[in-house]
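Engineer: The sequence and its predicted three-dimensional model are supplied below.
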Amino acid sequence: MSIFWLLCLVCSHIGLTTCISSKTNDIFEFGVDKGRVSFNVVGNIGLFEKNTKIPIEVPYCMKLTYVRVEVDNSLGPPVVSLDHGLQMVTIKYRPLQHSKSTYSVTAKTLPMKKCDLVDDSNGY
């Protein structure tokens, strides 16, 4: 066992709220970094929350081009995925992994081509 983990074990045993660990910011990027920022949200994940879903709200006639997720967890990174079809980010921790963390999700969009066309074939 490394000295770092031994110190953390001692810190937690005597009741210290912080340990000698450094905070890490893990960054996950999806897509091509172009367009304008149209969505940004910051939130917290509790100690026992192992699966967090963040829906991305995209403005009308815009398409999602880029998503950046930053997770701050002092003990280890989660698994982060993007469901492009549902436009949803999932932050997932393993069952025994420390999950208390903060996150920031930023999304960029571009205007869709031919969005203003109306389909008159069905009478509406």
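Structural biologist: That came through fine. Numbers count the residues shown, from 1 in each chain.
Engineer: Can you list phi and psi of Leu47 for me?
Structural biologist: Leu47 adopts backbone torsions of phi -60, psi -40, taken as degrees, to the nearest 10.
Engineer: what's the spacing between the residue nearest to the spatial centre of the chain and Cys61?
Structural biologist: Central residue of the chain (Cα atoms, centre = their mean): Val69, 4.1 Å from the mean position. Counting by Cβ to Cβ, to the nearest Å, the gap from Val69 to Cys61 is 25 Å. All C-beta atoms are positioned from the backbone trio N, CA, C, and that covers glycine.
Engineer: Could you do Asp83 as well?
Structural biologist: 21 Å.
Engineer: so which helix or strand takes in Asn44?
Structural biologist: strand 36-45 (DSSP states H and E).
Engineer: Rounded mean pLDDT for that strand, please.
Structural biologist: Strand 36-45 carries an average pLDDT of 97.
Engineer: Check stretch 97-108 too.
Structural biologist: Per-residue scores along stretch 97-108 average to 95.
Engineer: residues making contact with it?
Structural biologist: 31, 33-50, 52, 54, 56, 58, 64-76, 78, 89, 91, 93 (Cβ atoms under 8 Å, 6 or more residues apart in numbering).
Engineer: buried subset of the residues you listed?
Structural biologist: 35, 38-39, 45, 50, 52, 54, 56, 64-71, 73, 78, 89, 91, 93 (16 or more other Cβ atoms under 10 Å).
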